[in-house]
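okay, sequence plus prediction incoming.
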Amino acid sequence: MPQYFHSVRLDVEKCKGCTNCIKHCPTEAIRVHDGKAAIMEERCIDCGECIKCCPNHAKYAYTSTLEKLKEFKYNIALPAPSFFGQFKEKEKIEDILQAFMHIGFDEVFEVSLAAEIVAFIVHQQLSESGNKKPVFSSACPAVLRLMQIKFPGLLEQTTHVLSPMEVAARIARGEAAKKTGIAYDEIGAIFITPCPAKVTEVKQPIVTKHSAVNGVIGANLIYKDIIKNLYKGPANDNGAHTNGCHMHKATRLGMSWGYLTGESKSIELGTTLAVSGIHNVISLLEEIERGELQDVDFIELQSCNAGCVGGPLNIQNSFVGRVHLRDLITRYGSQLSYYSKEELCAVYEQRHFESTEPILPRPIMILDEDVSKALVKMERLDQLTKEFPGLDCGACGSPSCRALAEDIIRGIAFETDCVIKLRDRVNLLAQEILDLARIVPPAMAVDDSEKNNK
């Protein structure tokens, strides 16, 4: 089985084995045994659902910290569009961008700006004939990993373009190298993420061999530092960014990628659909597998409810974050596009930001390397599944009865883990003990007959 990196981690000390996480996990990646949860690497998509639902905060995201900046001579912050929705309506984007400079960054490149480039590339791709409908967004890595596991037949219908995060890192590092003369490898691009899936995307990219992003810091970790430095004015960096108004370059189209429908609207082509929430995404993809929605041109799929503003590493809840972000977009709606159409066309023709690696299915249930043995185990798995009650209660520590059957075949669970099976077994043993108690031993039987004769 291939090795997978995952940013979602488990604090065993905090875990109480409540099984709440196994009910919310969309890919059945969590098991609970001996009162503690365990994450199955091959199934986890780092969607963060377990982080959101865990009442004991036993699940967390492993991300970088500001200590990462010490590894590079020149550091560039890449804030996600959703990050700006974490601040109150009165805050200015310029102040937020300047705050990054005060906490140790040398430059800020808005991922919203890169999103505008991605939107243009996708628009051009959709304009070309021969696309099988619908075409799916490839911006959310959690959705891509979900498709690798549960919907491999739909992978060919994803867009062939890098994510805005990746595009931002490549542009920012390249421009910084030309401007400063510092070697490309000595320039760090640090993404400010709303979710753990982006951390995994940097460590193990899906659509490219190597990521240009050097580190990922959770929005929840850097938020307080930004708040403390909001009103300190322009940072002193020898004039490179002394005027905050020159730092903000993204338009409303790029900024709107922070919440649901932002991406699909910025594509500006044909019939589009936007769906958020990993379980809603699964329902939609199941419909498409059955042949539905073939008249839709583009579908925006977001793992988190309401889009990236609903990410588990954000400070504000998705509703508040969306309101704040929309307010910012309204205030900065007149911002002119930083890139001309000619520049965008040149970027598209150069093909620098198109995906270079095919999105391949992920094997999640290899019962045996030997095909004949695997078939026997599969038959046994089906038989066990039929014998279980089908309640999918989760009391056994597995998310469903079929998952328990699979765990039994793999040797990590037992039939008596099922409370119904255990109850039947206990009842059977109790009956056998009762029957044994009623049987009179032969020696005692002789003694009883002698007593009767006397």
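Looks like it came in fine. Numbers count the residues shown, from 1 in each chain.

domain boundaries for this structure, per the record?
Domain assignment for the chain by automatic domain parsing gives 8-61, 66-350, 371-438.

name the helix or strand of the chain that has the lowest mean pLDDT.
Here the helix or strand of the chain ranked lowest by mean pLDDT, DSSP states H and E is helix 442-453, holding a mean of 60.

what's the burial count for Lys265?
15 (other C-beta atoms under 10 Å). For glycine as for every other residue, the C-beta is placed from the backbone atoms N, C-alpha and C.

meant to ask about Tyr348, not that
Counted with other C-beta under 10 Å, the neighbours of Tyr348 add up to 19.

my guess is it contacts Ser127, does it?
No - counting by C-beta atoms under 8 Å, Ser127 is not a contact partner of Tyr348; they are 10.4 Å apart.

quick one, helices of the stretch 51-200 of the chain?
With helices called from DSSP state H, counting those that start in this stretch, the stretch 51-200 of the chain shows them at 93-102, 111-127, 141-150, 164-180, 197-203.

which one of those helices lies closest to Asp46?
Of all the helices of the stretch 51-200 of the chain, it is helix 197-203 that lies closest to Asp46, at 4.4 Å by C-beta to C-beta.

and the next helix or strand past the closest one?
strand 215-218 (DSSP states H and E).

residues contacting that following strand, please?
Residues outside strand 215-218 that contact it (C-beta atoms under 8 Å, 6 or more residues apart in numbering): 61, 63-66, 68, 71, 188-193, 198-199, 202, 313.

relative to His6, how far out is Tyr348?
Distance from Tyr348 to His6, counting by C-beta to C-beta, to the nearest Å: 34 Å.

kindly report the same for His123.
If you measure His123 against His6 using C-beta to C-beta, the figure is 33 Å.

so which of the two has more stuff around it?
Taking neighbours as other C-beta under 10 Å, His123 and His6 compare with His6 leading, 20 against 17.

low pLDDT regions in the chain?
Low-confidence segments of the chain (pLDDT under 70): 1-2, 236-245, 440-454.

all strands for it, in order.
Here the chain has its strands, by DSSP state E, at 8-10, 30-33, 36-39, 59-61, 74-79, 107-108, 135-136, 187-193, 215-218, 272-276, 298-302.

filter the contacts of strand 215-218 to the buried ones?
With burial judged by 16 or more other C-beta atoms under 10 Å, the buried subset of the contacts of strand 215-218 is 61, 63-64, 66, 68, 188-193, 198-199, 202, 313.

from these, which single one is nearest Asn220?
Of all the buried ones among the contacts of strand 215-218, Leu313 has the smallest distance to Asn220: 4.9 Å, by C-beta to C-beta.

wait, that closest one touches Pro196, no?
Yes - between Leu313 and Pro196 there is a contact under C-beta under 8 Å: 6.9 Å.

now do the contacts for Gln86.
Counting by C-beta under 8 Å, 6+ apart, Gln86 makes contact with 219, 223, 314-316, 321, 324.

just the buried ones from the residues you listed?
Neighbour-count burial (16+ other C-beta under 10 Å) applied to these gives 219, 223, 314-316, 321, 324.

for these, give me TSV that also has distance to Cys25.
Supplementary listing: those in TSV, determined by distance: C-beta to C-beta, whole Å:
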residue	distance to Cys25
Ala219	23
Tyr223	27
Asn314	20
Ile315	24
Gln316	24
Gly321	24
His324	30
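
output the longest helix belonging to this structure.
In the chain, with assignment by DSSP state H, the single longest helix is helix 419-438.

so which bits of that one are buried?
Residues of helix 419-438 classed as buried: 420-421 (neighbour count, 16+ other C-beta under 10 Å).

out of the domains of the chain, nearest to Thr356?
Thr356 lies closest, by C-beta to C-beta, to one member of those: domain 66-350, at 5.2 Å.

closest one of the buried ones among the contacts of Gln86 to Glu387?
Nearest to Glu387 among the buried ones among the contacts of Gln86: Asn314, at 44.3 Å, using C-beta to C-beta.

wait, doesn't the closest one sit right on Thr193?
No - Asn314 lies out of contact with Thr193 (C-beta under 8 Å); the separation is 9.5 Å.

which residues do those two both contact?
Residues touching both Asn314 and Thr193 by C-beta under 8 Å, 6+ apart: Ala219.

can you count the residues close to Cys345?
Using other C-beta under 10 Å, Cys345 is surrounded by 13 other residues.

Ser163 - how many residues pack around it?
Ser163 has 29 nearby residues by other C-beta under 10 Å.

got the contact list for it?
The contact partners of Ser163, by C-beta under 8 Å, 6+ apart, come to 118, 138-139, 141, 201, 207.

distance of it relative to Leu66?
From Ser163 over to Leu66 the distance is 23 Å, taken as C-beta to C-beta.

equivalent analysis for Lys23, please.
Distance of Lys23 to Leu66, given as C-beta to C-beta: 36 Å.

check Ala395 too.
Going from Ala395 to Leu66 by C-beta to C-beta gives 43 Å.

please apply the same query to Ile51.
Between Ile51 and Leu66 the distance, using C-beta to C-beta, works out to 21 Å.

right, I'll leave it there.
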